[in-house]
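Q: Here you go, sequence then predicted model.
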Amino acid sequence: MEQGAKNLLRILLVALLIGVAVIAIKPAYRQALAALIHGTPAESPIWQSNAAYYPDIALPDPAPAPSPSAPAAPQQP
């Protein structure tokens with residue numbers, strides 16, 4: 001059982017290192033990571049190319065900010 005856990009840990013660490021290497025090498029993936037960190041995934045070049053290729057898939061529209069003059073929604077008990 002311990003050997004299986006060690007093997008799984010090695011596999012996960014190798015996958016993590018490969019992911020870091022891909023982000024370090026490929027500029028599009030670096031830009032995608034930066035867009036995710038800044039909260040603007042639609043600016044990611046990877047998302048833009050996927051959106052062009054898969055037009056049925058889209059990011060959800062951000063919720064509109066409530067206007068200051070709108071009354072607050074009633075609270076449910």
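A: Nice, I can see it.
Q: neighbours around residue 32, how many?
A: Residue 32 has 19 neighbours, counted by other C-beta atoms under 10 Å. From N, CA and C alone the C-beta is placed, and that goes for glycine too.
Q: Name the SS class of it, please.
A: With DSSP: H, G, I helix; E, B strand; the rest coil as the basis, residue 32 sits in helix.
Q: from what I can see residue 33 touches residue 22, true?
A: No. Between residue 33 and residue 22 there is no contact under C-beta atoms under 8 Å: 10.2 Å.
Q: And the helices in this structure?
A: Here the chain has its helices, by DSSP state H, at 2-25, 27-37, 45-53.
Q: Show residues contacting the longest one.
A: This points to helix 2-25. Here helix 2-25 makes contact (C-beta atoms under 8 Å, 6 or more residues apart in numbering) with 29-30, 33.
Q: Taking those residues, please make a ChimeraX selection of just the buried ones.
A: Applying 16 or more other C-beta atoms under 10 Å to the contacts of helix 2-25, the buried members can be selected in ChimeraX as follows:
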select :29
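Q: Roughly how far does residue 58 sit from residue 39?
A: Distance, residue 58 to residue 39, by C-beta to C-beta, to the nearest Å: 17 Å.
Q: got the buried residues for the helix or strand of the chain with the lowest mean pLDDT?
A: When each helix and strand of the chain is scored by mean pLDDT, DSSP states H and E, helix 45-53 comes last, with a mean of 85. By 16+ other C-beta under 10 Å, the buried positions in helix 45-53 come out as residue 47.
Q: helices and strands around it, which ones?
A: helix 27-37 (3 or more C-beta pairs under 8 Å, 6 or more residues apart in numbering; DSSP states H and E).
Q: pLDDT on the helix it packs on, on average?
A: Mean pLDDT, helix 27-37: 92.
Q: Grab the CA positions of it and hand them over as PDB.
A: The C-alpha trace of helix 27-37 is given here as PDB (Å, rounded to 0.1, in the frame of the first residue of the first chain):
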ATOM      1  CA  PRO A  27       3.700  32.000 -24.400                       C
ATOM      2  CA  ALA A  28       0.000  31.400 -25.000                       C
ATOM      3  CA  TYR A  29      -0.200  29.300 -21.800                       C
ATOM      4  CA  ARG A  30       1.600  32.000 -19.900                       C
ATOM      5  CA  GLN A  31      -0.900  34.600 -21.200                       C
ATOM      6  CA  ALA A  32      -3.800  32.200 -20.300                       C
ATOM      7  CA  LEU A  33      -2.500  31.800 -16.700                       C
ATOM      8  CA  ALA A  34      -2.100  35.600 -16.400                       C
ATOM      9  CA  ALA A  35      -5.700  36.100 -17.700                       C
ATOM     10  CA  LEU A  36      -7.000  33.600 -15.200                       C
ATOM     11  CA  ILE A  37      -5.100  35.300 -12.300                       C
END
